[in-house]
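*Asks:* Requesting a structural model of the entry that follows:
(one chain, ligands or ions: 1)
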Amino acid sequence: MKYVIANLKMNFVTARECDQYLDALNQEWQKHKHSDAVKLIVCPSPLYTERFASKLPDGVLLGGQNAFWEPRGSFTGEISVLALQDAGVSAVVCGHSERRGYLSETNEQVGRKANAVIKNKMTAIVCIGETVEERDNEEMILVITEQITQAMENIAAEQLGNVVIAYEPRWAIGTDVTPSTQDIMQVRIMIQKILIKKYGAEQASKVAILYGGSVKASLMDEVCISADMAGVLVGRESLDSKELLKIVDKLL
Ligand code: PGA
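*Replies:* Numbers count the residues shown, from 1 in each chain. Reported below is the predicted structural model:
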């Protein structure tokens with residue numbers, strides 16, 4: 001299974017803007033071939049989840065950008081996994097670097113979120129990745145190992161089919177700078193080794209490992225296909241439905 005996760009972030013912030021995007025996506029979708037082997041998951045701003053649920057093209061899945069670890073209660077401003085699920089969401093991004101950066105979300109919190117998502121039979125898209133300082137100081141292996149180990153601490157082997165890991169070096173997000181194929185491949189192998197150590201090779205192979213950070217269609221060979229990644233997480237290029245579906249096409 002291959003994945004394209006369209007992270008719309010805090011864009012399309014009025015119903016009108018959402019509808020314009022959805023109309024364009026529906027039109028564009030009809031012009032393209034589709035395959036069940038490639039899942040396109042669109043993650044809108046949370047307030048418009050239901051709007052997207054009713055207007056996304058058939059075959060496109062609905063995602064969430066974040067969720068809280070408790071299902072309900074006194075957690076002002078948070079989003080319940082139950083609410084997302086009720087609205088038709090099937091996958092939720094956990095620990096995106098913008099949340100880690102702007103809101104100081106920790107590995108431990110990311111793990112609790114991922115658990116809440118999986119417990120409710122949705123897919124947790126766990127984001128990991130090093131900062132440029134961590135890379136320069138050769139702390140990358142340590143940082144990524146901790147991110148995965150803590151986020152997956154309470155995830156059992158039989159739940160791995162509901163886990164996707166997105167490797168997103170923080171310095172590559174929103175910058176138009178991307179790592180080399182070789183670098184991405186090395187990190188993929190490292191992630192696989194961490195998973196194999198904990199779960200064994202057979203179970204570990206159930207986790208899809210994606211790349212994210214300045215992805216565009218013209219870079220798909222470099223950052224995804226040649227690096228043998230199971231897909232991509234896309235920010236800016238997902239805001240243009242034409243560009244988004246060009247990326248999907250590359251995986252067909
Ligand atoms: P970008 O964002 O594609 O705009 O770099 C990627 C992301 O935030 O995951």
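*Asks:* Skipping adjacent residues, who's closest to the residue of the chain found nearest the ligand in space?
*Replies:* Of all residues in the chain, residue 235 sits closest to the ligand, at 2.2 Å by C-beta to the nearest ligand atom. Every residue, glycine included, has its C-beta placed from N, CA and C. Of all residues not flanking residue 235 in the chain, residue 7 sits nearest, at 5.3 Å (C-beta to C-beta, 6 or more residues apart in numbering).
*Asks:* can you check residue 199 too?
*Replies:* residue 157 (4.8 Å).
*Asks:* And for residue 187?
*Replies:* residue 167 (5.3 Å).
*Asks:* so what's that neighbour up against?
*Replies:* 128, 129, 144, 184, 187, 188, 191, 209, 210, 211, 212, 229 (C-beta atoms under 8 Å, 6 or more residues apart in numbering).
*Asks:* mind giving me TSV with those and columns for secondary structure, neighbour count and pLDDT?
*Replies:* Output for the contacts of residue 167, formatted as TSV (DSSP: H, G, I helix; E, B strand; the rest coil; neighbours: other C-beta atoms under 10 Å; pLDDT from 0 to 100):
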residue	secondary structure	neighbour count	pLDDT
128	strand	26	98
129	coil	27	97
144	helix	21	96
184	helix	24	97
187	helix	22	97
188	helix	19	97
191	helix	20	97
209	strand	24	98
210	strand	24	98
211	strand	30	98
212	strand	28	98
229	coil	25	98
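*Asks:* that older thread, who is the residue nearest to residue 187 paired with across the strands?
*Replies:* In this entry, residue 167 is beta-bridged to residue 128, residue 211, by DSSP bridges.
*Asks:* re the thing from before, how many residues are close by the residue nearest to residue 235?
*Replies:* 26 (other C-beta atoms under 10 Å).
*Asks:* Residue 157 too?
*Replies:* Neighbours around residue 157, by other C-beta under 10 Å: 14.
*Asks:* Which parts of the stretch 151-252 of the chain are helices?
*Replies:* 181-199, 201-204, 220, 241-250 (DSSP state H, counting those that start in this stretch).
*Asks:* Find the one among those with the highest mean neighbour count.
*Replies:* helix 220 (a mean of 22; mean count of other C-beta atoms under 10 Å).
*Asks:* so how many other residues sit close to residue 138?
*Replies:* The burial count for residue 138: 8, using other C-beta under 10 Å.
*Asks:* Reformat the contacts of residue 167 as TSV; add distance to residue 242.
*Replies:* Formatted as TSV, these follow (distance: C-beta to C-beta, whole Å):
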residue	distance to residue 242
128	30
129	27
144	33
184	25
187	30
188	29
191	31
209	27
210	21
211	21
212	20
229	23
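*Asks:* Also near the ligand: which of the residues you listed, exactly?
*Replies:* Restricting those to those near the ligand by C-beta under 6 Å from any ligand atom leaves residue 212.
*Asks:* So which bits of this protein are right by the ligand?
*Replies:* 7, 168, 173-174, 212-215, 233-237.
*Asks:* Pretty sure the residue nearest to residue 235 sits against residue 45.
*Replies:* No. Between residue 7 and residue 45 there is no contact under C-beta atoms under 8 Å: 10.6 Å.
*Asks:* Overlap in contacts, these two.
*Replies:* residue 65.
*Asks:* Could you report the neighbour count for residue 80?
*Replies:* By other C-beta under 10 Å, the burial measure for residue 80, its neighbour count, is 18.
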